[in-house]
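>>> Coordinates for the following, if possible.
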Amino acid sequence: MIDEGKFHTQEMTNRLEQDIREKFRRSGYTLTSQRRAVLEALRDTRGHPSAEDIYLLVKKKNPRVALGTVYQALSVLEEIGVIGSKHWAESPTRYDLNTEPHLDIRCRRCGEVAEIPGVELGNLEAQIQENTPYSVSSTTLVVEGLCPTCQKE
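Got it, this is the predicted structure:
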């Protein structure tokens, strides 16, 4: 009997890897071992880690990696559309493998960021574009609250 959840996850992983390879092919950049290590750290972590969080994860597997290398890899990955970034004035930039429109929730106390599953944004970006003279390049929404850990404190 096939484990449908495991099959679905593997199918999503294969699709993501194909998409990443295609974006690299079109960009002219190569998928170096450092960029692959950063992608693996993003895939293996929950939430939306900062560059420093990613650096610490990569450093566990490759102690010789430099923080600058991680920043450079993140820059290239974002430039070619493999990852997205979230910016809040009071916290470091956070990175996300999910570049599709989605809602994030951020804890006002500890700063943890997570995606809100099951909520569709629909045609929000198109509606915004129709109601402004700006050329909309992206739409990012963040919901704020207290995470379960901070609620207990």
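>>> show me the contacts for the residue nearest the centre of the chain.
Among the residues of the chain, the one closest to the centroid is residue 96, at 0.6 Å (Cα atoms, centre = their mean). Contacts for residue 96 (Cβ atoms under 8 Å, 6 or more residues apart in numbering) come out as 42, 48, 83, 84, 85, 86, 104, 115. To be clear about C-beta, it is placed using only N, CA and C from the backbone, and glycine gets the same treatment.
>>> Closest to residue 19 out of the residues you listed?
Closest to residue 19 out of the contacts of residue 96 is residue 83 (11.5 Å), distances taken as Cβ to Cβ.
>>> where's the closest residue to the closest one other than its chain neighbours, which helix or strand?
The shortest distance from residue 83 to any non-neighbouring residue, by Cβ to Cβ, 6 or more residues apart in numbering, is to residue 77 (4.6 Å). Element membership of residue 77, judged by DSSP states H and E, is helix 67-79.
>>> before we move on, the earlier item: from the contacts of residue 96, which is closest to residue 149?
residue 48 (16.2 Å).
>>> okay, now the closest one: neighbour count?
Neighbourhood size, residue 48 [other Cβ atoms under 10 Å]: 23.
>>> Thanks again, I'm all set now.
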